[in-house]
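[1] Got a predicted structure here, sequence first:
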Amino acid sequence: MTGGATGPSPLPGLLDIAPYVGGESEIEGVERVIKLASNEGAFGPSPKAMQALRDTAGEVYRYPDGDSQKLRAALAAKHGIHMERIVVGAGSDDLITLLCRAYAGVDDEVLFTAHAFAMYPIYARGVRATLVAAPEDGITADVDNLLERAGENTKLLFLANPNNPTGTYLPVDEIRRLRAGLPDHVLLVLDAAYCEYVSRNDYEPGINLVDGSDNILMLRTFSKIYGLGGLRIGWCYGPEMVIDVLNRLRSPFNVSNSGQAAALAALGDDEFVEMSRKHNDACREWTTSALRKIGITVPDGVCNFVLARFAEEPGRNAEAADAFLRAKGIIVRRMGGYGLPDSLRISIGTDEEMKMVVDILTEFMGA
């Protein structure tokens with residue numbers, strides 16, 4: 001043997017990927033921890049979903065339906081769309097990586113916005129594509145900047161609408177303008193993970209846009225308003241040719257029996273979803289107003305979180321605020337990795353939890 005490193009070598013560029021770091025759940029030495037870092041539903045899953053999990057516990061030794069037939073049929077009926085143009089995945093992350101593997105590679109470009117969801121560049125790097133981040137208008141996606149950077153080598157454009165972590169969105173007319181201006185070879189992926197929280201009349205999650213185009217795909221998830229993040233269930237709706245490619249590439253049993261059953265039950269619990277939406281609307285607005293009153297900048301948002309922005313002065317910045325919250329047992333999410341070092345993303349929890357956040361930050365700000 002010769003000296004030096006031995007063993008298999010990964011493909012070039014893979015070791016340059018910074019692994020995604022999820023939100024923390026524990027604070028050493030703190031007994032009661034309130035986790036508001038990962039935009040999980042304030043009330044957890046629907047009671048009907050919980051019952052479905054219990055009912056399927058004895059079937060975990062069985063392989064699941066590899067096509068998620070019942071869930072796809074229910075999604076099609078719920079949204080008035082074509083069942084054969086739906087793919088279910090192990091979270092929308094599963095579908096994002098499939099899209100990158102299917103449509104991008106060396107010398108191809110994957111386009112997204114400056115403050116986009118962190119998994120877009122991670123998965124794009126995984127297929128050795130070139131990353132292109134378009135500047136935003138403040139913290140909102142800018143259609144002109146995206147169109148300016150979409151060229152002959154662009155294969156995918158990922159647009160979270162509304163966006164995590166900024167909470168902002170583009171109205172449907174701007175999405176139509178974006179699609180009209182893109183080259184036909186670019187697949188526009190509309191990530192609508194937070195769409196169930198949006199009640200604006202100028203917003204469209206993507207269904208109607210998909211039906212009118214061969215180059216748009218919509219992503220959705222059961223991890224947010226449905227409260228099933230731990231089961232990993234997402235789905236997409238897209239053109240027949242794209243769906244065919246994803247079905248050829250995906251794993252054969254990519255969603256568990258329990259996950260399919262819980263998602264099916266959650267999808268049918270309209271009362272729970274409406275209760276969650278109403279709570280989120282009221283609690284987000286209350287939290288936004290309360291934080292603004294104590295001197296924290298909070299942009300208008302439409303998701304199940306607020307983006308709290310702090311001054312840069314030592315002792316009063318986002319880092320200090322995060323440490324102060326953690327000392328009181330509250331975990332939120334620092335946004336430095338998203339190019340927003342002045343910001344904390346705070347998920348909307350229960351009324352009690354959000355009052356605690358405001359009280360602690362009021363103490364921190366000396367207001």
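    The structure has been received and is ready for your questions.

[2] What residues of stretch 268-285 count as buried?
    268-269, 272-273, 276-277, 279-281, 283-284 (16 or more other Cβ atoms under 10 Å). (C-beta placed from N, C-alpha, C; glycine too.)

[3] Could you do stretch 114-133 as well?
    Of all the residues in stretch 114-133, those buried under the rule 16+ other Cβ under 10 Å are 114-117, 119-127, 129-130, 132-133.

[4] next one: stretch 149-157
    Within stretch 149-157, the residues that count as buried by 16+ other Cβ under 10 Å are 149-150, 153-157.

[5] Enumerate residues external to it that contact any of its residues.
    By Cβ atoms under 8 Å, 6 or more residues apart in numbering, the residues outside stretch 149-157 that reach it are 99-100, 103-104, 107-112, 124, 129-130, 132, 134, 146, 181-183, 185-189.

[6] Please narrow these to those residing in strands.
    Of the positions in the contacts of stretch 149-157, 109-112, 130, 132, 134, 187-189 sit in strands, assigned by DSSP state E.

[7] among those residues, which two are most distant?
    Set against one another by Cβ to Cβ, the ones in strands among the contacts of stretch 149-157 have their most distant pair in T130 and L188, with a gap of 17.8 Å.

[8] Remind me which helix or strand M356 belongs to.
    With the criterion set as DSSP states H and E, the secondary-structure element containing M356 is helix 351-365.

[9] Give me the contact list for that helix.
    Counting contacts by Cβ under 8 Å, 6+ apart, the residues outside helix 351-365 that touch it are 34, 36, 42, 279, 283, 286-287, 290-291, 294-296, 308, 316, 320-321, 324-325, 328, 330, 332, 346, 348-349.

[10] pLDDT (mean, whole number) over that helix?
    Along helix 351-365, the predicted local confidence has a mean pLDDT of 97.

[11] Now do the helices in the protein.
    For the chain, the helices defined by DSSP state H cover 47-56, 69-79, 91-103, 119-126, 143-149, 172-181, 207-211, 240-249, 257-267, 270-293, 318-327, 351-365.

[12] angle of the second one against helix 257-267?
    It stands for helix 69-79. Comparing the axes of helix 69-79 and helix 257-267 via axes from the mean of the first three to the mean of the last three Cα atoms, to 10 degrees yields an angle of 20 degrees.

[13] how about helix 69-79: buried residues?
    For helix 69-79, the buried set under the neighbour-count rule, 16+ other Cβ under 10 Å, comprises 71-72, 74-76.

[14] Now pLDDT too, for those residues, in a markdown table please.
    What follows is the buried residues of helix 69-79, written out as a markdown table (pLDDT from 0 to 100):
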| residue | pLDDT |
| --- | --- |
| L71 | 98 |
| R72 | 98 |
| A74 | 98 |
| L75 | 98 |
| A76 | 98 |
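
[15] nearest to E174, of those?
    For the buried residues of helix 69-79, the residue nearest E174 by Cβ to Cβ is L75; the value is 26.2 Å.

[16] from what I can see that closest one touches A266, true?
    No: taking contact to mean Cβ atoms under 8 Å, the distance of 11.5 Å between L75 and A266 leaves them out of contact.

[17] how far out from the middle of the chain is stretch 132-141?
    Between the mean C-alpha location of stretch 132-141 and the chain-wide mean there is a distance of 17 Å, by Cα atoms, centre = their mean, to the nearest Å.
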